[in-house]
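Q: Provided below are the primary sequence and the corresponding predicted coordinates.
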Amino acid sequence: MTTSGPSRAIRLFGTEEPVPETPTLRAGPLEASLDAGNLRHVKLAGREAIRAISYIVRDKNWGTYNPRISNLRIEQDADGFRVTYDAVCEDAQQSFAYSARIEADRHGNLSFTADGEARTDFLTNRTGFVVLHGVEGVSGAPVEVEHVDGTIEKSRFPELIDPMCPFKDIRALTHEVFPGARVTCRMEGDTFEMEDQRNWTDASYKTYVRPLALPWPYTIKKGDRFTQKVTLTVEGRLPAGGGAAAAGPVTVTVGTDEVATMPAVGLAVPAEHVAAALERTSLLRPAAPAFLVGAFDARQGHDAGLLRAYGELARALGAELVLEAVLPCVDAEGRPTDDLATLRRDLDHVRRAVGQSGVKLGRIAVSPACDLKCTLPGSIWPKAPAWADLIAATRAAFPDIAVGGGMFSYFTELNRKRPPVGLLDFIVHTTCPLVHAGDDLSLTEGLESLPYVFRSTQAFAGGKPYWLFPTAISMRANPYGAAPAENPDQGRVAMARVDPRERGLIGAAWYAGYLAHAARAGLAAVTLAAVTGPSGIVHTPQDHPQPWFDDHPDAVLRPSYHVLRGATVLRGGAVLGTESSAPRDVQVLAVRSRTGVTLWLANLTGAQQEVRLAGDDVAGTGTLALLDEGSFEAACRDPDALDRIARPASTEALTLPAYAVARLVLAGRAG
């Protein structure tokens, strides 16, 4: 066993993979970051105009290739900038190459051109440009759409999340960045359409190449070449002084209004990791999850023995057991069916297993297996029992407990197949932050989409309790392909079954930010992370490398343990209204309980953040515990680490290091 401490990279990200460099490009009023050959955060006079312009190559499972870039050349001068490079996207079966040129002039006009060629027959779901418009100042705002036939449509970006494609046959999009200043984004080389990417908890509207109505995956034949181009054109007068906020501390204002009640917080129990969890009950018990969500799927051989293990774990932790039951609903040939006799047969299997196990369920949610996979807009849904039949049959099988449903996949699928209002006792869906991209920025900025996801669900939930079902950074199932991506090198990979950031401070900060949004939105229950496994809050040996943890048997916890444990004890407290002057960078949860006001602050960036607290209830001093690089090792070894490191601190100003999470208790200000 080695005794050396973890590197900074392991503390922050759980992986030694270097953080990619993202040089800043400037041309007159325009500024953008160059990230893996693509543009991020294209700003005009300091304000974001376009979130990203990217040339994306995806495989048949919607996995995104990380391009191998060569011959990169960046030139900047008083007239603007020019970037050129060559790139290859490939795996063991296929290869695609492209050459890119990005140019911007001193007026802020920009062009991004890519010339692509298939080196082999190349099977893909999408290859070409993707343009993202952000949500802040854009959601609900006017947009002018030029279609490929030259017609102009005046409309608005959707406020609630659109389950379909809000705009099709797109050639250009124009929207206002400042009063009287507009930017036109023109896309050439193919037909583009837009989807509301908030469906997948991406904080953007995505305009992409190749309409989904066309067949996919499709093959680009070896030797086929094509060119695509995106241009930005600025019209009107931009502010001379720029529109960016002045540099300085982030102001977090804590109000006195009670906006919600702190939800119950629970953990997922992956079937394949329940045995390991039973060996770690002494560590899991202090985390005090209100409930455990256990999956039951007859297709996976789940039976009464698994249910007994779930029940044993729930009893050991004093938690309610919630069953997530997948019903095969297939005929003799294995095809999805809406046959009611088949539905009752599948439910009888679950009911018998529950009876044989002797477990007491707190509630059950059900879904036909076919709904675990995506059905694209305009496609025909596979046969499945109607919502009313599904829930009625489940109530008959389990008459004494609450029956829920929705989607065990993502909000996207729930938004496209909404249950009738009032039918369910509670409504469920999951989320995954890294469906479209695998970088750190995509992980953390996706939290901006959550208020829209929660409001959109509540708009059709009919006031029923809203449960977030198992949600984590690692992807537990892939609705868009055969399986989540394997990640043997433990890098930053989209849709990965195992994401190393679950083990780092960035993971803890992400969970803290998620909890802040969910609590303010008034969710009834939130299921985050898992007891053990890739998303576990308790560390156990796995079939994949876990740097530093593998060499230190006493490192039995993940940083996220302390965030989830801190949330469970606040259940039922009054969630206070809060406002961050930089919500993308710093999120806050404020809860008043019998013992005082507790603040959880999360730095969602890799830079140190100075935070100034404001509000009638936060003046003076408090007790501060900081989960950061310095406390990482203690946090991974000691369930009570935050209590041991807590110290008196002034509430006037706080310093949050990179991806740090702070717990600030203001004793005496009880509710």
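A: Yes, it's here. Numbers count the residues shown, from 1 in each chain.

Q: only C-alpha atoms for contact and neighbour calcs from this point on.
A: Noted.

Q: okay, now the domains of this protein?
A: According to automatic domain parsing, the chain is divided into the following domains: 13-236, 250-254+575-667, 264-570.

Q: let me have those in CSV, extended by distance to Ser7 and mean neighbour count.
A: Below are the domains of the chain laid out as CSV (distance: least, CA to CA, whole Å; neighbours: other CA atoms under 10 Å):
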stretch, distance to Ser7, mean neighbour count
domain 13-236, 8, 19
domain 250-254+575-667, 10, 20
domain 264-570, 9, 20
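
Q: what's the helix or strand for Pro18?
A: Taking DSSP states H and E as the criterion, no element holds Pro18; it sits outside all helices and strands.

Q: leaving out chain neighbours, which residue sits closest to it?
A: In space, and not counting its chain neighbours, Pro18 is closest to Ala9: 7.6 Å by CA to CA, 6 or more residues apart in numbering.

Q: correct me, but that neighbour touches Pro500?
A: No. Taking contacts as CA atoms under 8 Å, Ala9 lies outside contact range of Pro500: 10.8 Å.

Q: please enumerate the helices of the chain.
A: For the chain, the helices defined by DSSP state H occupy 8-13, 274-278, 281-284, 304-317, 340-357, 387-397, 411-416, 440-445, 450-460, 505-521, 560-568, 632-637, 641-645.

Q: wait, which of the ones you listed is closest to Leu44?
A: For those, distance to Leu44 was read as CA to CA. The smallest value, 19.6 Å, belongs to helix 440-445.

Q: dump that closest one to PDB, restricted to CA.
A: As requested, the backbone C-alpha atoms of helix 440-445 are provided in PDB (Å, rounded to 0.1, in the frame of the first residue of the first chain):
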ATOM      1  CA  ASP A 440     -16.300  19.600 -16.900                       C
ATOM      2  CA  LEU A 441     -18.000  22.800 -18.100                       C
ATOM      3  CA  SER A 442     -20.900  20.900 -19.700                       C
ATOM      4  CA  LEU A 443     -21.300  19.000 -16.400                       C
ATOM      5  CA  THR A 444     -21.600  22.000 -14.200                       C
ATOM      6  CA  GLU A 445     -23.400  24.500 -16.500                       C
END
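
Q: averaged pLDDT, it. What do you get?
A: Mean pLDDT, computed over helix 440-445, is 96.

Q: so what does it touch, helix or strand wise?
A: Using 3 or more CA pairs under 8 Å, 6 or more residues apart in numbering; DSSP states H and E as the contact definition, helix 440-445 packs against no other helix or strand.

Q: how far does that helix sit from its chain's centre?
A: 8 Å (CA atoms, centre = their mean, to the nearest Å).

Q: let's number from 20 now, not from 1
A: That works, and once the first residue is 20, the last one we named lands at helix 459-464.

Q: give me the contacts around it.
A: Asp221, Ala222, Pro452, Leu453, Arg511, Trp529, Arg603, Leu623, Thr624 (CA atoms under 8 Å, 6 or more residues apart in numbering).

Q: what does stretch 549-569 give?
A: Judged by CA under 8 Å, 6+ apart, the contacts made with stretch 549-569 from elsewhere in the structure are 24-25, 29, 33-34, 286-289, 292-293, 295-296, 299, 302-303, 489, 491-493, 507, 509, 516-519, 521, 548, 574-580.

Q: 6 Å instead?
A: Under the criterion CA atoms under 6 Å, 6 or more residues apart in numbering, residues 25, 286-288, 296, 517, 521, 548, 574-577, 579-580 lie in contact with stretch 549-569.

Q: same question, stretch 469-480
A: Defining contact as CA under 6 Å, 6+ apart, one finds that stretch 469-480 is touched by Leu179.

Q: and which of the contacts of stretch 549-569 is nearest to Leu231?
A: Val517 (28.7 Å).

Q: per-residue confidence for the closest one?
A: As summarised for this prediction, Val517 has a pLDDT of 97.

Q: again with Ala265
A: Checking the pLDDT column for Ala265, the value is 52.

Q: cool, the one 10 residues further on as well?
A: pLDDT for Thr275: 91.

Q: just give the nearest non-adjacent residue to it, would you?
A: Using CA to CA, 6+ apart, the closest residue to Thr275 is Leu595 (6.1 Å).

Q: from Ala668, how far off is that neighbour?
A: As for Leu595, its distance to Ala668 is 21 Å (criterion: CA to CA, to the nearest Å).

Q: check Gly24 too.
A: Here the distance between Gly24 and Ala668 works out to 28 Å (CA to CA).

Q: before we move on, what about Ala111?
A: Counting by CA to CA, the gap between Ala111 and Ala668 amounts to 55 Å.

Q: equivalent analysis for Val630, please.
A: Here the distance between Val630 and Ala668 works out to 13 Å (CA to CA).

Q: one more: Gly353?
A: When distance is defined by CA to CA, Gly353 is 62 Å away from Ala668.
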